[in-house]
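**Student:** below is the structure, and that's it, no one-letter string:
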């Protein structure tokens, strides 16, 4: 069937394109989408030129929910609200599918969600409870990335988890700290950030510090780096300084540049550095379960929503990316009417 | 309350040239144009019945195409179209009246069979607008300057472009309202009736605008089909 896809042709320039989809999966109409930093890096043209040349034109956005329009498998009903899983496996592998070279990711390896309809395999679609807030549900994918990292940390951490440190006062730092408080109710969660305005929103954690003003004697058992970009280096330096021996450093922040790490101290303290990227079906299921059991989380997560835009045209889409770019904190949600 | 789609494929394509096959049956990326169009309505769970109206000698051909290409096609009915577009539209309404009856709330979405790039969003917006307002037309803002000339030699006027739109399809209506309005037309009014929405405006009934898409093109000339095939082949892997 013919489908209309709205692709980024070159930085800051969207265009309509015609595609074809087979009717052998689940056809979803996108309803609420959310902009990620990775989308912004394509939109702003801040990825290396050869990457842009190779990947564009491509539809952006990999965080979002939609309504089932048609399902050949019979698993879903027309009108079901579903969350869409952007990672798509094209073959078995020995590692998790979100790290497999055989997987492709929407809005990175192939078209993202900005289109009239989206065809997904039924394993890439999960029905959401009817009472879920659609604006927060739009960024379940981002929550699932934090969930995935925390789940992995849980499996490998061997030392006590009494004090957990989160570096970064942005969206992912907020979500990670919130999930840690929920999943480790007996642990103390400390957030280290740069912006006091942002840190003031972390009312649910035990302590917050500005990175240049950490109290004497503060240490953490394990650390979650949610900073990214060139600031990663400072964050990782501070983590290595404050973390107890044999702690786990979970890295989440994306940097376009190589980041030097003080390996001497990593060796001396016996630290484990764990990379985290993307997520898989089980992580989405885990997040949905946590949200279902703890509906108060919607209120906290709702604080992250700083911009809501109705998208009726490609100009609207462009404006929302421009607004999102200058927004210092929070998520931009797109109500997709295009 | 029922929602009907009428895919208007009654035309014999006098403007297409160079072929005897009506343009709706020509190939577009490996499938006839009309199949692409019907698919858009076939996957829409809100639509109860799809009525496809074709020239008499293409009825069986169309049925075969639907059987070949469209799964779960029980709700698709092929009937004969009329001589003009409005005759074709009337045939669909008569068919609905005879087979399902006409209640107060049922609506009909009428669509050109040669607009295969219509989006799901446009169809959904049509259903919503027809339910709420009784009539709607799918349009995009005019981009070219519109020039009026009566004698085909000199300009009579240049209207303000901001007030002008290009009409696409679908056009959707409350069936009962449309049926009553058509029956109330005088002979003179019928003669100038080239567009279903015009019936409503003639009778001072509001027709609401639904945003179309620049991609929702009508395949009218050989160039259009060539263009449509080119953009479909150019699709990104």
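**Tutor:** Received, thanks. Source: prediction; values computed, not measured.
**Student:** next secondary structure after whatever helix or strand residue A:165 lives in?
**Tutor:** According to DSSP states H and E, residue A:165 maps onto strand A:163-167. Per DSSP H and E, the first helix or strand lying C-terminal to strand A:163-167 is helix A:171-183.
**Student:** hmm, who's touching the very next helix or strand once past that next one?
**Tutor:** Next helix or strand after helix A:171-183 toward the C-terminus (DSSP H and E): strand A:188-193. Residues outside strand A:188-193 that contact it (CB atoms under 8 Å, 6 or more residues apart in numbering or on different chains): A:162-169, A:173, A:177, A:180-181, A:199, A:202, A:205-211, A:214, A:218, A:220, A:235, A:238. For the C-beta atoms, the positions are set from N, CA and C on the backbone; glycine is no exception.
**Student:** would you mind listing what in the stretch 1-150 of chain A touches chain B?
**Tutor:** Proximity of the stretch 1-150 of chain A to chain B, by CB under 8 Å from any CB of the partner chain, involves residues A:1-2, A:4-5, A:7, A:16-20, A:23, A:27, A:29, A:57-58, A:69-70, A:72, A:78-79, A:111, A:116-117.
**Student:** buried ones among those?
**Tutor:** The neighbour count (16 or more other CB atoms under 10 Å in any protein chain shown) marks A:1-2, A:4-5, A:7, A:16-19, A:23, A:27, A:29, A:57-58, A:69-70, A:72, A:111, A:116-117 as buried among these.
**Student:** filter the residues you listed down to the ones in helices?
**Tutor:** Applying DSSP state H to those, no entry is found in helices.
**Student:** so of those, which ones are in strands?
**Tutor:** Counted as lying in strands by DSSP state E, out of these, are A:2, A:4-5, A:7, A:16-19, A:27, A:29, A:69-70.
**Student:** got those as a markdown table, with distance to residue A:144 and pLDDT columns?
**Tutor:** Listed next are these as a markdown table, based on distance: CB to CB, whole Å; pLDDT from 0 to 100:
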| residue | distance to residue A:144 | pLDDT |
| --- | --- | --- |
| A:2 | 32 | 94 |
| A:4 | 28 | 96 |
| A:5 | 24 | 96 |
| A:7 | 25 | 97 |
| A:16 | 30 | 93 |
| A:17 | 29 | 92 |
| A:18 | 32 | 91 |
| A:19 | 26 | 92 |
| A:27 | 23 | 97 |
| A:29 | 22 | 98 |
| A:69 | 24 | 97 |
| A:70 | 25 | 95 |
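**Student:** residue A:132: what's it in contact with?
**Tutor:** A:81, A:291, A:298.
**Student:** among the residues you listed, name the ones in strands.
**Tutor:** Residues from those lying in strands, with DSSP E as the criterion: residue A:81.
**Student:** let me know the closest of the contacts of residue A:132 to chain B.
**Tutor:** residue A:81 (14.2 Å; CB to the nearest CB).
**Student:** so who does that closest one touch?
**Tutor:** Contacts of residue A:81 (CB under 8 Å, 6+ apart): A:31, A:65-67, A:127-128, A:130, A:132, A:134, A:137.
**Student:** residue in chain B nearest to chain A?
**Tutor:** Taking CB to the nearest CB as the measure, chain B has residue B:45 as its residue closest to chain A, at 3.2 Å.
**Student:** is it true that that residue touches residue A:71?
**Tutor:** No. Using CB atoms under 8 Å, residue B:45 is not in contact with residue A:71, being 9.5 Å away.
**Student:** center of chain A, which residue is that?
**Tutor:** Geometric centre of chain A, nearest residue: residue A:142, 2.4 Å, by CA atoms, centre = their mean.
**Student:** skipping adjacent residues, who's closest to that residue in space?
**Tutor:** Spatial nearest neighbour of residue A:142, excluding adjacent residues (CB to CB, 6 or more residues apart in numbering or on different chains): residue A:63 at 5.8 Å.
**Student:** count of residues packed around the one you found?
**Tutor:** For residue A:63, the count of nearby residues is 30 (other CB atoms under 10 Å in any protein chain shown).
**Student:** how about the one 3 residues further on?
**Tutor:** For residue A:66, the tally of surrounding residues (other CB under 10 Å) stands at 25.
**Student:** picking up where we left off before, out of the contacts of residue A:132, which comes closest to residue B:90?
**Tutor:** Taking CB to CB as the measure, residue B:90 lies nearest residue A:81 of these, at 39.8 Å.
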